[in-house]
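predicted coordinates and the sequence they were generated for:
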Amino acid sequence: MTSCNCDMLVHPVPLRIAAGLERIPRQIGTFAEFRRALLASVPAGGPLSRWRPGNEKDLGLMLLEAWAYICDVQSFHDETIAHEVYLRTARLRPSVTRLVELLGYVPKPATAASVDLAILADGRKPILLPAGTGFRSGAFGSEPPQVFELAGKANVHPLVSKWQIETPRPSNIGTANPSFLLLENSSADLAEGDICLALDRDADTRIALAEVESATDYEGVDGDTYSKVVFTASLRFTPATLIASVRLLKPGATTALKRTVTATSGGSSSISSTGSNGLITLDGLYRQITPGNYIGMSLGGDHRWFRVIENREVQLTVADPPSSSVGSETVNPPPVTAPFTRLVLDTTVDSATRFPNLASNWSSKGNIANRLIVHYGFETAGVATAEAATRITGTTQLRLENPVEGPSDGTAPSRFLFQDKDEDGAIASAELDFDSRRLILDPDSTFEDSLLLPVTTFGNVVSATRGESVPSESLGTGDASRVNQSFTLKKQPLTYVSAPSSGNESGVASTLKVRVNGVLWTEVPYLYGRAPDAQVYTVRQDDAGSSTIRFGDGVTGSRLPTGATVVAAYRFGAGESVPPAGSITQLIKAIKGVSGVKNPVAAYGGSNAEDVENIREYAPDSALTLGRAISTTDMQAIAAGVPGVRSVRAEWSWHEKRQRAVAHIWYIGDSAIQESVAKTLRAVCDPSTPIVAERATPIPLHLTIDIDIDERYVSADVMAAVQTVLIGEKEGFLLPENLGIGAPLFRSELFENVLAPDGALAVHGLEFKRQDPISLFAIRPYRAMLMRIQALLTARSIAPVAAINRPAFTLDIGNRTSPTILTLDLANRDGLREFENFVLTPSPGHYFDIIAGSLKLNGEEIDSA
């Protein structure tokens, strides 16, 4: 040995274990270190001071190395056991559960899914479905059929089993001053060149007289054929004009004005006025034109409408015979007169309210009486309509097709299931008016996705939970000499159902009922603190899903009496795998009057037993709540335990509808569990705490990644490994529950994960897409967009000058001959904030969803579903 520190043997090396490690470096040495230390200690003195190790057959060396092996194994096991003592480093589930029990935390068991079922019934009398009525799904994926049962009895009525949704049509015109209308093909009576009066019976000012430019058959998107009538002038309708109030009229006859008027009474001009009213004299007597009728007047392509106020009959001279002499007398015969119709109109013929497209005054066009055509005798020329909708949404006004008959006992469903042409489904709360056949959806319960018509709705909606009943299972007999006597249920897993209520921190409830000598005992989370004679028991699940029932020891909880029969009734079946829509079609046991069952929407809310990672994350937080949720951290920990919640984010934020700050809880999961999340939180929060639970909004994530692969490795294997790292089940970096809600996506983290597998050398191409590609990761999207536009304009020899004004910017694009202004609005970014500093961050309540988006690795589309 020398005095150099590198030649000094220090054994064992002092342990320096930092806090927060996921692996404890506690092993003080391996075989090599122990062997070296043993050999180094031989010359130090003692009986072996003169011994020197010989060759490999030396018995002394063999014994020394055997001891080094023992020390190596002992040190390895010391480190392994030490890992199981700390929550962060424990690798075995039993160790984790044992540690969190010290905090009073009970890991969440597997919970049962729920499903909303539509019951089809025959007859006219109500039908009772008893509690425990069972329904069986078909097999799906790799899962066997599952059984769902009613928790309580339910009444269904044949008259509300199902209806067809009436195909809705837009009720409003939808556009201002339209130039065409669609008419029902069977009612259309308009042709090219016809004059048409289009009016809104609800508004006197929305009237127009126009000429038909064309009338052709038109096949709508709904597959029906309509008559499309195009007019030479725009009609005076607003977007809000009701289609049902539109009248289309065409004249049954035409006439002209009296060309030369010499009146014996009532004036002398064929076109005149009196006050604000117009006067016209027709070329004959038209008593069929009555007050209130519409007439039209045309001068070339200028068409105007009027309403008749009064029909006057006037005597006008039609001939003035010449005088004649009879002897010395001159005879002047009286003029020949005839009755004519003079109409008093609602306004003058040159009223600005009747100018189509700002036409000029007729009075400026000279003598027009000989050129005017008067239209009268207007009759219906068609019924205006609109193309039928092909899809309905939660905001569509729904109406049921006939027949709709209300049950005599007053049964009125409040929840409805919907199934469309593609067998997609939805559920919503609604109120049905049997008289008007209108189905009014609850605004807080409208379904999210649109449905393709035709759509069937079902009124007999019942909720069932997964789990098959075991009505009576003998567990064994009691033995008072044994403490904490335990029994294991034969069927697994035991069914737990969601049960948010005050005093139930777990938010779930067991379906197990245990009777001892016929007396029902009570399940409790712990035996600690129970009276010696308390008839209670606990239930725990192992890694295999088996449930063990444990009774007291006579100090905390009563022992079982000797010879007492222990019988359990329970349901079994739970987990996150749920049957898809349309897979539950059969009753386990036939019920008279029930003809079928459907589940238009998939089951929801099931969850597997809480995994080790979740226990590590949420057990310490839940211990801090002490049964009450005070902070958003408390709320987040409690909401994470609700069955079906994959990820959760809680924060205080301003709520526009409530106009106050609320505890906003966003979660990733099925929309059907929203109420369960809210109820669970309200049960553990102060009643005055404003709580809003909402499903987080996904932002489809489209990623294209080009990876440089080491040629020594098989490319397919490396790509498969990268795919597993990014979207592998449970652990995938890009999975929504791992990215989190409102959490940023860092480019550096993405690179780290992509390059984690052996053989992945570098990322030489990375593109993020939503609707517009963003490939410059360190540049704000405004500037990136601007640069691309500038490059495009430069290529066209146009010099752009841009002024950015968030959230929109305007490009003043000009060349010497044609200046142009281009405005781009970037305000609508669907919950995305600016992408800068190598990070992309969604707004609160949003999350990146690779499942709804796409992933390309080296040009190959990866199935992320």
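Perfect, I can see it now.

now the longest helix that the chain contains: how far from the chain's centre is it?
In the chain, assigned by DSSP state H, the helix with the most residues is helix 59-83. Centroid separation between helix 59-83 and its chain, computed with Cα atoms, centre = their mean, to the nearest Å, is 60 Å.

same check on stretch 13-20?
50 Å.

mind listing what V470 touches?
Listed by Cβ atoms under 8 Å, 6 or more residues apart in numbering, the contact partners of V470 are K490, K491, A568, A569, Y570, R571, F572. In this view, the C-beta of every residue, glycine as well, is placed from N, C-alpha and C.

domain parsing for this structure?
For the chain, automatic domain parsing gives the domain ranges 5-83, 110-168+390-467+573-609, 257-323+331-371, 479-568, 626-695, 699-862.

quick check: buried residues in the longest helix of the chain?
Counting neighbours by 16 or more other Cβ atoms under 10 Å, one finds that the buried residues in helix 59-83 are L61, L64, E65, A68, C71, D72, S75, H83.

what's near enough to touch the fourth one?
In other words, A68. The neighbourhood of A68, defined by Cβ under 8 Å, 6+ apart, consists of F31, F34, R35, L38.

from those, which single one is nearest P339?
Nearest to P339 among the contacts of A68 is F31, at 131.9 Å by Cβ to Cβ.

residues near the closest one, how many?
Other residues lying near F31 total 16 when counted by other Cβ atoms under 10 Å.

setting aside sequence neighbours, what's the nearest residue to it?
D72 (4.3 Å; Cβ to Cβ, 6 or more residues apart in numbering).

check the spacing between the one you found and T80 real quick.
Noted for D72: a distance of 13 Å to T80, by Cβ to Cβ, to the nearest Å.

how about T689?
45 Å.

and if you look at P600?
Between P600 and T80 the computed distance is 52 Å (Cβ to Cβ).

nearest to E213, of the domains of the chain?
Taking the domains of the chain one by one with Cβ to Cβ, domain 257-323+331-371 is closest: 10.9 Å.

any idea of the mean pLDDT for the closest one?
For domain 257-323+331-371, the per-residue pLDDT values average out at 81.

before we move on, what about stretch 687-705?
What stretch 687-705 shows for mean pLDDT is 87.

quick one: end-to-end distance for it.
For stretch 687-705, the separation between the terminal residues is 49 Å (Cα to Cα, to the nearest Å).

kindly report the same for stretch 498-515.
Stretch 498-515 has an end-to-end distance of 23 Å (Cα to Cα).

got a pLDDT number for V594?
Each residue has a pLDDT score; the one for V594 is 93.

for it, which non-adjacent residue is closest in space?
That would be A121: by Cβ to Cβ, 6+ apart, it lies 5.5 Å from V594.

what of R415?
Using Cβ to Cβ, 6+ apart, the closest residue to R415 is V461 (4.4 Å).

now do I17
I24 (5.9 Å).

equivalent analysis for N753, please.
Nearest non-adjacent residue to N753, counting by Cβ to Cβ, 6+ apart: F733, 4.4 Å away.

that neighbour against F751, yeah?
No - with contact defined as Cβ atoms under 8 Å, F733 does not reach F751; the gap is 10.9 Å.

end-to-end on stretch 362-370?
One end of stretch 362-370 to the other measures 13 Å (Cα to Cα).

how far off centre is that stretch?
A distance of 64 Å separates the centroid of the chain from that of stretch 362-370, by Cα atoms, centre = their mean.

thanks again, I'm all set now.
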